[in-house]
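Enquirer: Provided below are the primary sequence and the corresponding predicted coordinates.
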Amino acid sequence: MQPQRTSTSAAGALKIPELDQVKTTVVNSLGTAAGQRTYAHAIDAFIKWYCADPRLAFSRAVVLRYRVSLQQQGYASATINHRLAAVRRMADEAADTGLLSADLAAAIRRVQGAGRIGVRLGNWLSARDGRRLLATCDAATLRDIRNRATLALLIGCGLRRGEVLALRCEAIQRRDDHWMIVDLRGKGGHIRTVPVPLWVKAAIDAWTAQAGIRSGVVFRDHPQRCRVGGRHDAESDLGCGPPGPDARV
């Protein structure tokens, strides 16, 4: 008599078709387009890591290893916790569809996220304050177009001043019909991916088109090109972009 074979789903070793099935179920269960995009991106990142090397099963130990891998890559705590939330959602859906046992799903659900240090202090801009700031840049000069793009990134994407100064054109990429700043290295060396609203992308495009920037650092000095509509910018002596990391945006 041949020994009874244990099914793949019972053992928890999910393969790519099963992972894609779980991903589709999770994404379709979300009510907003933004949530669907972010969860799809997080699940794709996990599937890529999970399938990179042979692993015995989709289990709590594997998810713990994934969390350690994200921490070693320098991702921020918020990004790690978001990706772990997507993995927990995958485990629940896999258990509901019979691809994973309920015990394994419960064990994966107990994996804790990365600790977050610090609290937000001070006054934060409201949407009205943000619109008021952007309205101060009338786009009459190249400097104004630069300033509007800078403020749009600070307000719309929540970037720090140093992150804006170091931003490169190559980092702004289109993913699944929406724009993102990919693998942005921020404070403490943490890496994160930042969604870019369409109005922020339009402000950036207006600046790069007028300044003739197609690659490299987005915000730079272009004193010889500080003209819009043939009118010279009287403030071009100050430069059309921040001269260095210590400059004010």
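Expert: Cool, the structure landed.
Enquirer: Spell out the residue ranges of the strands in this structure.
Expert: Along the chain, the segments classed as strands by DSSP state E run 172-175, 178-185, 191-196, 227-228, 231-232.
Enquirer: how about stretch 59-71: buried residues?
Expert: Judged by neighbour count (16 or more other C-beta atoms under 10 Å), stretch 59-71 contains these buried residues: 59-60, 62-63, 66-67, 70. From N, CA and C alone the C-beta is placed, and that goes for glycine too.
Enquirer: Reformat those residues as a markdown table; add distance to residue 97 and pLDDT.
Expert: A markdown table is the format used below for the buried residues of stretch 59-71 (distance: C-beta to C-beta, whole Å; pLDDT from 0 to 100):
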| residue | distance to residue 97 | pLDDT |
| --- | --- | --- |
| 59 | 17 | 86 |
| 60 | 19 | 90 |
| 62 | 19 | 90 |
| 63 | 18 | 91 |
| 66 | 21 | 92 |
| 67 | 24 | 93 |
| 70 | 26 | 92 |
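Enquirer: now stretch 62-69: how far from the chain's centre is it?
Expert: 20 Å (C-alpha atoms, centre = their mean, to the nearest Å).
Enquirer: who touches it?
Expert: 46, 49-50, 55-56, 80, 83-84, 87, 91, 108, 111, 113-114 (C-beta atoms under 8 Å, 6 or more residues apart in numbering).
Enquirer: just so I know, which of the strands of the chain lies nearest residue 141?
Expert: strand 227-228 (5.5 Å; C-beta to C-beta).
Enquirer: Pull up the distance across stretch 184-191, start to finish.
Expert: Across stretch 184-191, the straight-line distance between its terminal residues is 5 Å, by C-alpha to C-alpha, to the nearest Å.
Enquirer: List the buried residues in it.
Expert: Buried residues in stretch 184-191, counting neighbours by 16+ other C-beta under 10 Å, are found at 184, 186, 190.
Enquirer: with the residues you listed in mind, which one is nearest to residue 27?
Expert: Out of those, the one with the shortest distance to residue 27 is residue 184. That distance is 24.0 Å, counting by C-beta to C-beta.
Enquirer: How confident was the prediction at the residue nearest the centre of the chain?
Expert: When the chain is reduced to its mean C-alpha position, the closest residue under C-alpha atoms, centre = their mean turns out to be residue 193, at 2.0 Å. Looking at residue 193, its pLDDT stands at 88.
Enquirer: now do residue 208
Expert: pLDDT, the model's per-residue confidence, is 93 for residue 208.
Enquirer: Isn't it up against residue 172?
Expert: No - with contacts counted by C-beta atoms under 8 Å, residue 208 stays clear of residue 172, the gap being 9.5 Å.
Enquirer: Could you pull up the residues touching the nearest residue to residue 81 once chain neighbours are set aside?
Expert: Take residue 81 and drop its neighbours on the chain: the residue closest to it by C-beta to C-beta, 6 or more residues apart in numbering is residue 113, 3.8 Å away. Residues counted as contacts of residue 113 (C-beta under 8 Å, 6+ apart) are 67, 77, 80-81, 84-85.
Enquirer: same thing but 10 Å
Expert: By C-beta atoms under 10 Å, 6 or more residues apart in numbering, the contact set of residue 113 is 67, 77-78, 80-85, 88.
Enquirer: Alright, calling it a day.
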